[in-house]
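Peer 1: 3D model of this:
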Amino acid sequence: MIGVHVQFLLSQAAVDADTTSYLDTLWKGGPVGYIIIGLSVGALALIVMHLVQIRRCKLLPPEQLETLEELLSKGNVQDALEFCVDPSNDSFLTRILAGGLLRYQRSAFGPFELKNALEEAGEDQTSRLYRSTDALGVIGTIAPLLGLLGTVLGMVGAFE
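Peer 2: Got it, this is the predicted structure:
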């Protein structure tokens, strides 16, 4: 009976000696593996940054919305424009409204120009948000290709 236990313990020790840890596997990845890990960390950081930046309360602060609704309902276009242009009130909402209200004031068409101005300012601000995600697209394109390169290099190294 004791012989069975000793044999079992010896076989476990042999298995434990052959296993490699996750860190050992990462170190064996070589330069391509290190680059892929760096890209993964960078992508994760970009995702977290975008989750923080692209939130409703960040893009459309409720207190700014209330203030602007109050000013515009009273017809105080100039005060609303000054509120939007103030750097302390910088947000997605105020940048769009500032562009629209500026064109509204300068145009002879007034309210008819406002809709187009707001649409164009909205498209401009939306494209700014999309541009900030371009880095994620680049990482998403390059990382699988680097993985394929690492696989090919590993197979070539295995047959040398």
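
Peer 1: give me the low-pLDDT residue ranges for this structure?
Peer 2: Applying pLDDT under 70 to the chain picks out residues 1-18.

Peer 1: The closest residue to Leu68 other than its chain neighbours is in what secondary structure piece?
Peer 2: Excluding its sequence neighbours, the residue lying closest to Leu68 (C-beta to C-beta, 6 or more residues apart in numbering) is Ala80, at 5.6 Å. Yep, even glycine has a C-beta here, placed from its N, CA and C like the rest. Per DSSP states H and E: Ala80 is located in helix 77-85.

Peer 1: Which SSE is immediately downstream of that helix?
Peer 2: With elements assigned by DSSP H and E, the helix or strand that comes after helix 77-85 is helix 92-106.

Peer 1: Just want the angle from that following helix to helix 77-85.
Peer 2: Taking axes from the mean of the first three to the mean of the last three C-alpha atoms, to 10 degrees, one finds helix 92-106 and helix 77-85 inclined to each other by 140 degrees.

Peer 1: Helices along the chain, start to end?
Peer 2: Assigned by DSSP state H, the helices in the chain fall at 2-18, 22-27, 30-53, 56-59, 62-73, 77-85, 92-106, 111-131, 134-158.
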